[in-house]
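Visitor: Predicted coordinates and the sequence they were generated for:
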Amino acid sequence: MKITSFSRRAVVGAVAGLAVLSGFVTTAVAADKITVGALRFTSHSPTFIAYEKGYFKAEGLDVELKFFQAAQPIAVAIASGDIDFGVTALSGGFYSLADKGALKVIGGLMAEKKGAPGNMILASNKAYDAGLKTPADLKGKSWAMTQQGSSFHYMAGIIAQNNGFAVTDMKLKPLQKVGSMIGALKSGQVDAMAIVPHIASALARGGAAKIIGKIQDMSDYQVTTIFTSTKNTTDNRDVIARFMKAYAKGIADYDAVMQNQAKDPAATDAMVNLIHKYVYASKPIEKAAPSIKAGAVYLNSGAALNVGDVAKQLAWFQAHKLAPASLTIDKMVDASFVKTIK
C-alpha cells in the first residue's frame, strides 16, 4: 500500500512548527503517492483532467494512472493493494470483496440522465436485418458482456425487466474484454450489446452496427462509482478528502466545456485534445474527436452518489445470486465524502 497511514496535513503542521522553532524555512513536503485505476472511456475524463491540470498535485497527491480492460479487475486490484482508487461500474467481484470488508464506494460519476449521452443498445447488422429493431426484440438473442456480474450483465437485466422477460431468456456471452465484445458484434457472432456513447456512436456512424435503444429510457442507472479500500476510509480519510476535492474539479471542468460544446469551440478543442491522450490515443485527432465529443456523458456534480440506485443495483445482483445475500448498503458505501442523491 502506497498511502501513508498518517495525515499529510499533520506532517505539514509538524514540519512548519519545527521550522519556526529552529529558524529554518521548509519549502516542500513529500506528496502522498497513490495509484488510480481507470478505463479508457470518455466517462473517465475527470481522472485525466485532474491529472493533466495538476489538481491532484495541488492537493499533495502524486498520482499514477493504471489502466484496465474491464471493471472487475479494478476491484480486485484495490483489495490486493495494487491500486488505491477505482473509477468504474459496480460488479459481482466488487460485491464479494465489499462483503468481506475490503472495499467501499465513496462517490458517483457517470449516470444515465434523459437528454444526455448515455449507454446505447446496439444490434449487429446481421441481427438487425433479421428483425432485431428494438430492446423488446432481445428475448432469445445473444448478448455480449465482459463477465458474469459485470455492468453489461446488469444492463441486460434492465432491458429484460423493462420488456417483460427474464435476463436468462437472453443468451449471455462473457467475452472478457470490451474489444472482444466489439469484434463479436461487428462480425455478427453476437446479436447485441450496450456500450458507452463514444464507442456506440462510432460503430453506428461507421456502419458496423445499428443503435436500437438507450438505457436511460429505462433507468436512472448510476453507471460508474468511485471506490477505495475500507482501510483507506478509516486510516487515510484526509487523503480521500483531497482526492475527491481534486476529482470534483475535474468533473466541473468537463461539464463546463463538454455539456455545451458550441459555447466555446476553442475550449472544446482543448478539452478534446486533453482527453485524446487517453481515449482513442492511437487514432489521429481528426478521427477521434467526433467520438469524444459524442461521448459527453452526464456526470454527477461534485461526484455525488445516487445511493438509491446503488441499493437497487445491489438488490438485483443479490436476486440473481451475483452478490452475497449478507451484503448491505451500509457495509459497502461510505457516503461521508460527497453529497448523496436518494
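Guide: Alright, I've got the coordinates.
Visitor: what about the nearest residue to residue 230 once chain neighbours are set aside, how many residues close to it?
Guide: Computed as C-beta to C-beta, 6 or more residues apart in numbering, the closest residue to residue 230 that is not its neighbour in sequence is residue 104, at 5.1 Å. Placement of C-beta: from N, CA and C, glycine included. Here the number of neighbours of residue 104 (other C-beta atoms under 10 Å) works out to 22.
Visitor: ok but residue 104 is inside a helix, no?
Guide: No. Residue 104 sits outside any helix when classified using DSSP: H, G, I helix; E, B strand; the rest coil, being strand.
Visitor: Please shift the residue numbers so they start at 32 in all later answers.
Guide: Renumbered: residue one is now 32, and that last one reads residue 135.
Visitor: What's opposite it in the beta bridge?
Guide: With DSSP bridges applied, residue 135 shows beta-bridge pairing to residue 259.
Visitor: for it, what are its contacts?
Guide: 129, 258, 259, 260, 261, 263, 264, 363, 364, 365 (C-beta atoms under 8 Å, 6 or more residues apart in numbering).
Visitor: Make a markdown table out of the residues you listed and add pLDDT and neighbour count.
Guide: As requested, those are exported to a markdown table (pLDDT from 0 to 100; neighbours: other C-beta atoms under 10 Å):
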| residue | pLDDT | neighbour count |
| --- | --- | --- |
| 129 | 97 | 25 |
| 258 | 95 | 28 |
| 259 | 97 | 27 |
| 260 | 97 | 24 |
| 261 | 97 | 20 |
| 263 | 96 | 24 |
| 264 | 97 | 18 |
| 363 | 96 | 24 |
| 364 | 97 | 21 |
| 365 | 97 | 21 |
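Visitor: Please narrow those to those residing in helices.
Guide: Counting by DSSP state H, the part of the contacts of residue 135 found in helices is 129, 261, 263, 264, 363.
Visitor: mind checking how far the third one is from residue 66?
Guide: Yep, that's residue 263 we're talking about. Using C-beta to C-beta, to the nearest Å, residue 263 is found at 12 Å from residue 66.
Visitor: Give me the common contacts of these two.
Guide: residue 115.
Visitor: mind putting the contacts of residue 135 in TSV, distance to residue 139 included?
Guide: Listed next are the contacts of residue 135 as TSV, based on distance: C-beta to C-beta, whole Å:
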residue	distance to residue 139
129	16
258	10
259	14
260	18
261	18
263	17
264	16
363	13
364	10
365	13
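Visitor: of all the residues you listed, which comes closest to residue 321?
Guide: residue 258 (31.6 Å; C-beta to C-beta).
Visitor: residues near the closest residue to residue 139 other than its chain neighbours, how many?
Guide: Distances taken as C-beta to C-beta, 6+ apart place residue 336 nearest to residue 139, at 3.8 Å, with adjacent residues excluded. Neighbourhood size, residue 336 [other C-beta under 10 Å]: 26.
Visitor: who's in contact with residue 336?
Guide: Neighbours of residue 336 in contact, by C-beta under 8 Å, 6+ apart: 136, 137, 138, 139, 253, 256, 364, 366, 369, 370, 371, 372.
Visitor: Now for the residues you listed, which sits with the most neighbours around it?
Guide: residue 138 (29 neighbours).
Visitor: In this structure it contacts residue 338, no?
Guide: No. With contact defined as C-beta atoms under 8 Å, residue 138 does not count as touching residue 338 (10.9 Å).
Visitor: Now do the contacts for the closest residue in space to residue 181 that isn't next to it in sequence.
Guide: Ranked by C-beta to C-beta, 6+ apart and with sequence neighbours excluded, the top spatial neighbour of residue 181 is residue 122, at 5.3 Å. By C-beta under 8 Å, 6+ apart, the contact list for residue 122 reads 102, 103, 106, 178, 180, 181, 182.
Visitor: for residue 122, phi and psi?
Guide: Per-residue torsions, residue 122: phi -140, psi 170 (degrees, to the nearest 10).
Visitor: and what of residue 245?
Guide: phi -130, psi 140.
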